[in-house]
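> sharing a model prediction with you, sequence too.
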Amino acid sequence: MELEIRPLTSEDAGAWRLIRLRMLTEHPEAFGEDAEEFAQRNDAELAQRIREGNVIGAWQAGKLVGTVGWFCGRGRKRAHVAEIWGMYVAPEQRRNGAARALLSEALRASALAGVQVWELGVEEQNHAARALYESEGFSTWGIEPDAYRFDQQAVNILHMSRRA
Ligand SMILES: CC(C)(COP(=O)(O)OP(=O)(O)OC[C@H]1O[C@@H](n2cnc3c(N)ncnc32)[C@H](O)[C@@H]1OP(=O)(O)O)[C@@H](O)C(=O)NCCC(=O)NCCS
């Protein structure tokens with residue numbers, strides 16, 4: 001069955017809670033948010049993050065199997081810049097084009113909202129994600145050493161950007 005790519009709504013908060021917990025638990029090195037801290041958020045907070053973070057889902061037979069989101073910078077001077085966040089595809093759906101389809105939809109939808117510069121952070125050893133972003137026109141402009149820590153490991157983040 002084909003993947004469906006569509007934005008999440010507040011109705012999808014329960015499905016997003018499950019997949020977000022999964023990504024934060026399975027890949028603590030890939031995301032800056034802590035799984036236990038996320039687990040304490042209530043449904044209203046999740047619905048707000050879905051809305052403000054423009055979360056888009058990849059759906060397979062009605063099941064949420066991948067996500068990405070984007071949010072604009074605050075204020076008039078940053079309105080043309082968006083951060084891409086929360087990119088994840090469930091292991092059983094990988095290498096099937098889901099991440100590329102999600103990213104493409106995030107770029108399309110944010111461009112319609114006036115975005116012309118996209119930024120994101122990726123852990124420096126994450127070769128799969130880096131290859132995806134590079135193939136979609138992102139390039140690295142800096143590295144943030146020790147950007148966050150888990151289990152006493154320091155994680156270095158590459159900052160990448162792309163222009164319209
Ligand atoms: C990174 C991730 C989102 C890719 O999802 P995916 O649906 O498998 O990716 P796609 O099938 O759309 O592949 C798109 C491109 O990404 C790159 N890519 C994806 N997986 C790769 C891998 N294992 N090794 C090398 N390149 C890879 C390739 O360039 C690929 O293009 P190609 O198929 O034409 O070679 C997925 O592996 C994932 O969720 N990883 C864990 C969470 C994570 O790291 N998120 C990113 C945080 S910044």
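Thanks, I have it. Residues are numbered from 1 along each chain as shown.
> checking the most centrally placed residue in the chain next. Helix, strand or coil?
Of all residues in the chain, the one closest to the mean position by CA atoms, centre = their mean is Gly86, 2.2 Å from it. Put simply, Gly86 is strand when judged by DSSP: H, G, I helix; E, B strand; the rest coil.
> might one say that it is in contact with Trp70?
No: the criterion here is CB atoms under 8 Å, and Gly86 misses it with Trp70 at 9.2 Å. Yep, even glycine has a C-beta here, placed from its N, CA and C like the rest.
> what touches both of these two?
Gly53 (CB atoms under 8 Å, 6 or more residues apart in numbering).
> okay, buried residues for the helix or strand encompassing Ala99 please.
Per DSSP states H and E, Ala99 falls inside helix 98-112. Across helix 98-112, burial judged by 16 or more other CB atoms under 10 Å covers Ala98, Ala99, Ala101, Leu102, Leu103, Glu105, Ala106, Leu107, Ser110.
> what subset of those residues is also close to the ligand?
Ala98, Ala99 (CB under 6 Å from any ligand atom).
> what's in contact with stretch 88-95?
3, 19, 22-23, 26-27, 58, 60, 65-68, 96, 98-99, 102.
> cool, stretch 100-112 as well?
Here stretch 100-112 makes contact (CB under 8 Å, 6+ apart) with 3, 5, 7, 54, 56, 58, 66-70, 72, 82, 84, 87, 89, 118, 132-133, 135-136, 164.
> among the residues you listed, which lie within strands?
Among those, the members found in strands (DSSP state E) are 5, 7, 56, 58, 66-70, 72, 82, 84, 87, 89, 118.
> tell me, which of these make contact with the ligand?
Among the ones in strands among the contacts of stretch 100-112, the ones lying near the ligand by CB under 6 Å from any ligand atom are Met87, Val89.
> for the ones in strands among the contacts of stretch 100-112, which one is nearest Ala154?
Proximity of the ones in strands among the contacts of stretch 100-112 to Ala154 (CB to CB) peaks at Met87, which lies at 21.7 Å.
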